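**Q** Sequence plus predicted model, see below.
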Amino acid sequence: MNKLNVKKGDTVLVISGADKGKKGKILVSHPSKSRVVVQGVHMITRHVKPRRQGEAGGRIEQEGTIHVSNVKLICPECRMPTKAVHRMVERNGKTVSVRACSECKKTID
C-alpha cells in the first residue's frame, strides 16, 4: 500500500491542472490509487436515474479525484504551501514518525 504525505482533513493547494491555485480540504484519500478528493476542486457531473417511484433523477455535481502529486500541503501554523517532511519524535516512551513543515519546522500531526 502506498503512503501519502497528506490525509483526510488537511488543507491543500492545487499546484497543477485546470483548478491550479484553488485551496480546499481533503474529503477522501485513496492511498492504493494515489488519489485524493478535494472539496470544491475537479467538479464532475454524474447523471443519476430515479431508483424509487417518486424519486427525482437528474444531474449531480460532485468532486472528482485528483492525483496526490498535484496538491501541496498547507501548514496550519505558517499558512504556507509546504512539502511535508517526516521526523522521528519520542512520544510516551515510543519513537514515532510525524509530519513537519519544511518552512517553519513545526509538527503538523
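**A** Thanks, I have the structure now.
**Q** Neighbours of the residue nearest to residue 69 when sequence neighbours are not counted, how many?
**A** Spatial nearest neighbour of residue 69, chain neighbours left out: residue 34 (7.5 Å); criterion: CB to CB, 6 or more residues apart in numbering. From N, CA and C alone the C-beta is placed, and that goes for glycine too. As a burial measure, residue 34 scores 14 neighbours (other CB atoms under 10 Å).
**Q** Ok, residue 22 next?
**A** When counting by other CB under 10 Å, one arrives at 16 neighbours for residue 22.
**Q** Test my guess that it contacts residue 41.
**A** Yes - if you go by CB atoms under 8 Å, residue 22 and residue 41 touch, sitting 5.3 Å apart.
**Q** before we move on, the earlier item: residues contacting the residue nearest to residue 69?
**A** Contacts for residue 34 (CB atoms under 8 Å, 6 or more residues apart in numbering) come out as 2, 4, 67, 68, 69.
**Q** which of those has the weakest pLDDT?
**A** Lowest in pLDDT among the contacts of residue 34 is residue 2, which has 71.
**Q** who does the worst-scoring helix or strand of the chain on mean pLDDT pair up with?
**A** When the helices and strands of the chain are scored by mean pLDDT, DSSP states H and E, strand 84-91 comes last with a mean of 88. Its sheet considered, strand 84-91 pairs with strand 94-101 (antiparallel) by DSSP bridges.
**Q** Give me the buried positions along the strand it pairs with.
**A** Within strand 94-101, the residues that count as buried by 16 or more other CB atoms under 10 Å are 99, 100, 101.
**Q** Contacts made by that strand with the rest, please.
**A** Residues contacting strand 94-101 (CB under 8 Å, 6+ apart): 5, 73, 75, 77-78, 80, 82, 84-90, 106-109.
**Q** Next, the distance between the ends of stretch 53-73.
**A** End-to-end span of stretch 53-73 (CA to CA, to the nearest Å): 45 Å.
**Q** Buried residues, it. List them.
**A** Neighbour-count burial for stretch 53-73 [16+ other CB under 10 Å]: 63, 65, 66, 68, 70, 71, 72, 73.
**Q** do stretch 12-26 as well
**A** 12, 13, 14, 19, 22, 23, 24, 26.
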